[in-house]
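>>> okay, sequence plus prediction incoming.
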Amino acid sequence: MVWQVRASRQFRITLETNRYSVPAHYAGQALTLKTYPDRLCISRDNQLIARHARRDDRFNDCEDPDHPKPL
């Protein structure tokens, strides 16, 4: 599925109670989320900016260690 989402100020998007990071400079921006059974892909202007393994459990924070580095 494809969703239009907005990254939070903490540079996260939420899917099914789990939070997934995006690079920090995309905080607050409108993004496109594509979901697959095993992963999710987040893009901006048709450019992939983040990819995460999809979590089946709930209330997790999934952060790529490179995403907060610009801070």
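Structure's in. What do you need?

>>> what mean pLDDT does stretch 24-43 get?
Per-residue pLDDT over stretch 24-43 has a mean of 97.

>>> what does that stretch contact?
1-11, 13, 15, 20, 22, 44, 46, 48-54, 67-71 (Cβ atoms under 8 Å, 6 or more residues apart in numbering). For the C-beta atoms, the positions are set from N, CA and C on the backbone; glycine is no exception.

>>> do that again at 6 Å, thanks
1-3, 5-7, 9, 11, 22, 44, 48-54, 67-68, 70-71 (Cβ atoms under 6 Å, 6 or more residues apart in numbering).

>>> again, but for stretch 48-57
With Cβ under 6 Å, 6+ apart as the criterion, stretch 48-57 contacts Asn18, Tyr20, Val22, Pro23, Asp38, Arg39, Leu40, Cys41, Ile42, Ser43, Cys62.

>>> quick one: which of those residues sit in helices?
Per DSSP state H, helices hold no members of those.

>>> ok, Ser8 to Arg54 distance?
Using Cβ to Cβ, to the nearest Å, one gets 19 Å for the distance from Ser8 to Arg54.

>>> ranges for the strands of the protein?
Using DSSP state E, the strands of the chain run over residues 2-6, 12-15, 18-21, 30-35, 39-44, 47-53, 61-62.

>>> Ala24 versus the residue nearest to Trp3 when sequence neighbours are not counted, what's the distance?
Spatially, and ignoring its direct neighbours in sequence, Trp3 is nearest to Leu33 (4.4 Å; Cβ to Cβ, 6 or more residues apart in numbering). Per Cβ to Cβ, Leu33 is found 18 Å from Ala24.
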